[in-house]
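A.B. asks: got a predicted model here, sequence first, then my questions.
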Amino acid sequence: MWILAGALLSGCAAMSESECRGAGWYQLGERDGNLYGARPRIDLIAYQCAAFGVKAGEADYMAGWRDGYREWVSRVHANDCCAP
């Protein structure tokens, strides 16, 4: 039970200043869509990075999230519902 709770909470971990400054926005979005299959977290990430004066790359994040989410849906539902 505690392991599951820890795994779920790790998806909500705060971004550090170095993570914000060195973020690959597309890859971050792709990971979030593919791992979590849930709504994008760009608002939370942008808020956290703004504290360090870093502007999140929303367009790149969302492009990656769409691709990752497409992979997640295909894997979980074993179909091509979202293929371009």
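C.D. replies: Received, thanks.
A.B. asks: can you pull up the most central residue in this structure?
C.D. replies: Nearest to the centroid of the C-alpha atoms of the chain, with distances taken as Cα atoms, centre = their mean, sits Asp32, at 2.7 Å.
A.B. asks: isn't it right up against Trp65?
C.D. replies: Yes. The pair Asp32 / Trp65 is scored as a contact, 5.8 Å apart, by Cβ atoms under 8 Å. In short, each C-beta sits where N, CA and C put it, glycine included.
A.B. asks: sorry, back to before: contact partners of the host helix or strand of the residue nearest to the centre of the chain?
C.D. replies: Taking DSSP states H and E as the criterion, Asp32 maps to helix 25-36. For helix 25-36, contacts defined as Cβ atoms under 8 Å, 6 or more residues apart in numbering pick out 11, 38, 40-42, 45, 56-58, 60-72.
A.B. asks: ChimeraX command for the buried members of the residues you listed?
C.D. replies: Applying 16 or more other Cβ atoms under 10 Å to the contacts of helix 25-36 leaves a buried subset, and the ChimeraX line that selects it is:
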select :40,41,42,45,56,57,60,61,62,64,65,66,67,68,69,70,71,72
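A.B. asks: which of the contacts of helix 25-36 fall within helices?
C.D. replies: Among these, the members falling in helices are 42, 45, 58, 60-72 (criterion: DSSP state H).
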